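>>> dropping a prediction and its sequence here:
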Amino acid sequence: MPNSNTSAVELLEKLVAFDTTSRNSNLELIEFASDYLANHGIEAEVIHDDTRAKANLYATLGPRRDGGIVLSGHTDVVPVDGQDWDTDPFVLHESDGKLFGRGTADMKGFCAAALAMVPEFLSRNLEVPIHLAFSYDEEVGCIGVHGLIPHVAVPGITPKAVIVGEPTSMRVVNAHKGIRAFRTTVTGLEAHSSATHKGVNAVMIAADLIGFLARVAEEEIASAKPDSRFDPPYTSVNVGPITGGTALNIIPKHCSFVWEYRPLPEAEENEIFERFTRYVDDDILPRIMKVSKKAAIESTALSRVPPLVPEDDSSIETLIMALAGTNQSFTVSYGTEAGVFHEAGIPAVVCGPGDIMQAHRPNEFIAVSQIEACTEFLHRVLDHVAEN
Ligand SMILES: [Zn+2]
């Protein structure tokens, strides 16, 4: 067991050194993982995106048959731009039992621990396979994993469960909210700012729409379920960056803003977008089109992450909780690829090393003890899939 821990830290050092910020290519990391697997006699599938600048990796260890377990992680990390780091974020730095670096917790620590276990996985006779699934562009809306799904849900070799190793401090998470994100663009009509009756003010229309979203957010808060396991216990609504206007004396022609909501698993996930669209079509558009036929409001979807719907007491959850040495499951409010696997019909839970509180922050770290706990967990996964 110490061997796997040592090599997990060594592998983490390698993985952290690849600057796989989502806007960059992740190919060097994928090639590194693929070469590492090849050195152990495993031929991984490298599944490129359309630009061929990014790729997922899928590898199967053991017999090619149904019922295996997928260890799933994303290879991209969030930017370090504007963050105040004490050390180089792309050079692993150990101090006081903590390993610092971008992606250590979210979630190269899990990927490194899984890769470090490969020799041990291969040293046993596996009854069912262990699959490794590494994706790109998770941080920008679980984009890459969709290209993985057709390679995972293959008849005759469909896994029975996916473990998504996002940082949960090795707790088992069986439910999370979904994410729906949009960009709404308002096109108005320019005019001199003194002639408000001749223009359509795109910024003021956008403010009206944002006011609508704020009212929806209040309604969601008011209908929160006190017994909900989620924090916060309601579908949250958030508006992000907004841009519009050119000068105070010109009625703005353009304004756009991005917004999202995070529906509870039991919520009808389209509902808020449909209400928004009805408000636009019934209340706003008729009013502004009286002034200008060219006035318009368009919303485009930026991303969608399906919720992870809890299946309390399902056999898979019971199994993973037993392997994680716990009898309690948790919920989180952030979206993960587990929702995508679940929607594709493969039961998924989230369980991985590191604390989500360290994710996305300057001086991100993972405790060495978390890597060790993950390695122990993966040994129990191995014992479960290996022939006695
Ligand atoms: Zn993550």
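Cool, the structure landed. From a predicted model like this one, the values you see are computed outputs, not experimental measurements.
>>> need phi/psi at residue 84.
With angles defined as degrees, to the nearest 10, residue 84 sits at phi -100, psi 100.
>>> quick one: what helix or strand has residue 16 in it?
helix 2-17 (DSSP states H and E).
>>> dump the residue contacts of the residue in the chain positioned nearest to the ion.
The ion sits closest to residue 106 of the chain, with a gap of 4.1 Å, by CB to the ion. (Each C-beta comes from the backbone N, C-alpha and C, glycine too.) Counting by CB atoms under 8 Å, 6 or more residues apart in numbering, residue 106 makes contact with 77, 78, 166, 167, 354, 356, 358, 359, 360, 364.
>>> same thing with residue 255?
Contacts of residue 255 by CB under 8 Å, 6+ apart are 185, 186, 188, 202, 203, 205, 206, 242, 243, 244, 245.
>>> export those residues to JSON lines and tack on pLDDT and distance to the ion?
Output for these, formatted as JSON lines (pLDDT from 0 to 100; distance: CB to the ion, whole Å):
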{"residue": "185", "pLDDT": "98", "distance to the ion": "29"}
{"residue": "186", "pLDDT": "98", "distance to the ion": "33"}
{"residue": "188", "pLDDT": "97", "distance to the ion": "39"}
{"residue": "202", "pLDDT": "98", "distance to the ion": "35"}
{"residue": "203", "pLDDT": "98", "distance to the ion": "35"}
{"residue": "205", "pLDDT": "98", "distance to the ion": "36"}
{"residue": "206", "pLDDT": "98", "distance to the ion": "31"}
{"residue": "242", "pLDDT": "97", "distance to the ion": "27"}
{"residue": "243", "pLDDT": "98", "distance to the ion": "28"}
{"residue": "244", "pLDDT": "98", "distance to the ion": "32"}
{"residue": "245", "pLDDT": "96", "distance to the ion": "36"}
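>>> can you flag the buried ones in those residues?
185, 186, 188, 202, 203, 205, 206, 244, 245 (16 or more other CB atoms under 10 Å).
>>> just the ones in helices from the residues you listed, please.
Secondary structure defined by DSSP state H assigns 202, 203, 205, 206 of these to helices.
>>> what's the closest of those to residue 11?
The nearest member of these to residue 11, counting by CB to CB, is residue 206 at 47.2 Å.
>>> confidence score at the closest residue to that closest one other than its chain neighbours?
Leaving aside its sequence neighbours, residue 206 sits nearest to residue 255 (CB to CB, 6 or more residues apart in numbering; 4.1 Å). In this model, residue 255 is scored at 98, pLDDT.
>>> host element of residue 255?
Counting by DSSP H and E, residue 255 is part of strand 254-262.
>>> which bits of the chain sit near the ion?
106, 107, 166 (CB under 5 Å from the ion).
>>> for residue 175, see how far away the spatially most central residue of the chain is.
Note on the chain: the residue nearest the mean C-alpha position is residue 336, at 3.8 Å, using CA atoms, centre = their mean. Applying CB to CB, to the nearest Å, the value for residue 336 to residue 175 is 11 Å.
>>> intersection of neighbour lists for the two?
residue 308.
>>> can you name the residues that contact the residue nearest to the centre of the chain?
By CB under 8 Å, 6+ apart, residue 336 lies in contact with 138, 142, 164, 166, 176, 305, 308, 350.
>>> wait, the first one touches residue 148, no?
Translated: residue 138. No. With contacts counted by CB atoms under 8 Å, residue 138 stays clear of residue 148, the gap being 10.7 Å.
>>> between the two, which has more neighbouring residues?
residue 138 (28 against 24; other CB atoms under 10 Å).
>>> now that one: which helix or strand?
Using DSSP H and E, residue 138 sits within no helix or strand.
>>> which residues touch the closest residue to residue 28 other than its chain neighbours?
Once flanking residues are discounted, residue 28 sits nearest to residue 18: 5.2 Å by CB to CB, 6+ apart. Contacts here follow CB under 8 Å, 6+ apart; on that basis residue 18 touches 26, 28, 29, 32, 90.
>>> follow-up on the earlier one: how far away is the residue nearest to the centre of the chain from residue 291?
45 Å.
>>> doesn't residue 59 fall inside a strand?
Yes. Assigned with DSSP: H, G, I helix; E, B strand; the rest coil, residue 59 falls within a strand.
>>> beta partners of it?
On the basis of DSSP bridges, residue 59 is bridged to residue 132.
>>> neighbours of it, how many?
Residue 59, neighbours per other CB under 10 Å, totals 24.
>>> that one touches residue 122, doesn't it?
No. Using CB under 8 Å, residue 59 makes no contact with residue 122, being 11.2 Å away.
>>> find residues that contact each of the two.
Common neighbours of residue 59 and residue 122, counting by CB under 8 Å, 6+ apart, are residue 42.
>>> and for residue 42, the neighbour number?
17.
>>> confirm it sits in a strand?
No. Applying three-state DSSP, one finds residue 42 to be coil, outside a strand.
>>> wait, it touches residue 58, no?
No. With contacts counted by CB under 8 Å, residue 42 stays clear of residue 58, the gap being 10.9 Å.
>>> spatially, which two of the ones in helices among the buried ones among the contacts of residue 255 are the most separated?
By the measure CB to CB, 203 and 205 form the most distant pair in these, at 7.3 Å.
>>> need the overlap of contacts for those two.
With CB under 8 Å, 6+ apart as the test, residue 203 and residue 205 both reach 186, 255.
>>> where along the stretch 201-350 of the chain do the strands fall?
All strands of the stretch 201-350 of the chain, identified by DSSP state E, counting those that start in this stretch, fall at 236-244, 254-262, 296-305, 329-332, 348-350.
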